[in-house]
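Asks: Need coordinates for the below:
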Amino acid sequence: MTRILGISGSLRKASFNSGLLRAAAGVMPEGAELDARGIEGVPLFDADVEADEGVPPAVAALKDALAACDGLLLVSPEYNNGIPGVFKNAIDWMSRPPGGTGLFKGKPVAVIGASPGGFGTILSQAHWLPVLRTLGTRQWAEGRLMVSRAGNMFDAQGNLTDEETRKRLSEFLAGFVAFARG
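Replies: The predicted model follows:
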């Protein structure tokens, strides 16, 4: 069984990106499963807190899930043409000891996202590249999924309702899982 850790980088309850992650769990290819997580409870990184209290429980849970997975799927919103600060903060926490960047080293990674705008999440996905390169991940670049005009693709609760997008998501995941299986 190929295990993919999926992390939504949004805190909003009816988030398009959390909805895209939930939809991904429902269209995983045969022989693969998605461990869908969020970043709720991850505090702002503070080295003093880390020194005094250690790794926060929400971060420890994400790190444990990362260590146990075969690939990482980042489901990233785009805020002001870039990476959401809260999502980057969670990845920064995850890159700290114990495990540190070694948890990411060689890990297959893909980035997808949904946005109400017309360009999807093209700029946030591009901004993730140097971060993922620094962490030593194996980035999957053969597929791309950016959901534009997400307000037309999701219901009020943040659930994906567009069948064409669901099909594109399924195809994307089939390619990424094959890459993760290497």
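Asks: C-alpha only now, for contacts and for neighbours.
Replies: Will do.
Asks: Secondary structure element holding the residue most central in space within the chain?
Replies: Nearest to the mean C-alpha position of the chain, by CA atoms, centre = their mean, lies Leu74 at 1.6 Å. Assigned by DSSP states H and E, Leu74 belongs to strand 71-75.
Asks: How about residues contacting the next helix or strand along the chain from that strand?
Replies: Going down the chain from strand 71-75, the next helix or strand is helix 85-94, by DSSP H and E. Helix 85-94 has contacts (CA atoms under 8 Å, 6 or more residues apart in numbering) with 9-10, 39, 42, 44-45, 59-60, 62-63, 76, 100-101.
Asks: Does the residue nearest to the centre of the chain touch Ala110 like I think?
Replies: Yes. Leu74 lies in contact with Ala110 (CA atoms under 8 Å); the separation is 6.2 Å.
Asks: residues near Thr2, how many?
Replies: 16 (other CA atoms under 10 Å).
Asks: now it, nearest residue through space, not along the chain?
Replies: Ala32 (4.5 Å; CA to CA, 6 or more residues apart in numbering).
Asks: got the contact list for the one you found?
Replies: Shown in contact with Ala32 (CA under 8 Å, 6+ apart): 1-4, 177.
Asks: Out of these, which end up buried?
Replies: Buried members of the contacts of Ala32, counted by 16 or more other CA atoms under 10 Å: 2-4, 177.
Asks: and the strand holding Leu74, C-alpha only, in PDB?
Replies: Extracted as PDB, the C-alpha positions of strand 71-75 are listed here (Å, rounded to 0.1, in the frame of the first residue of the first chain):
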ATOM      1  CA  GLY A  71       4.900  10.800  -0.600                       C
ATOM      2  CA  LEU A  72       3.800  14.200   0.400                       C
ATOM      3  CA  LEU A  73       1.000  16.200  -1.300                       C
ATOM      4  CA  LEU A  74       0.800  19.900  -0.400                       C
ATOM      5  CA  VAL A  75      -2.600  21.500  -1.100                       C
END
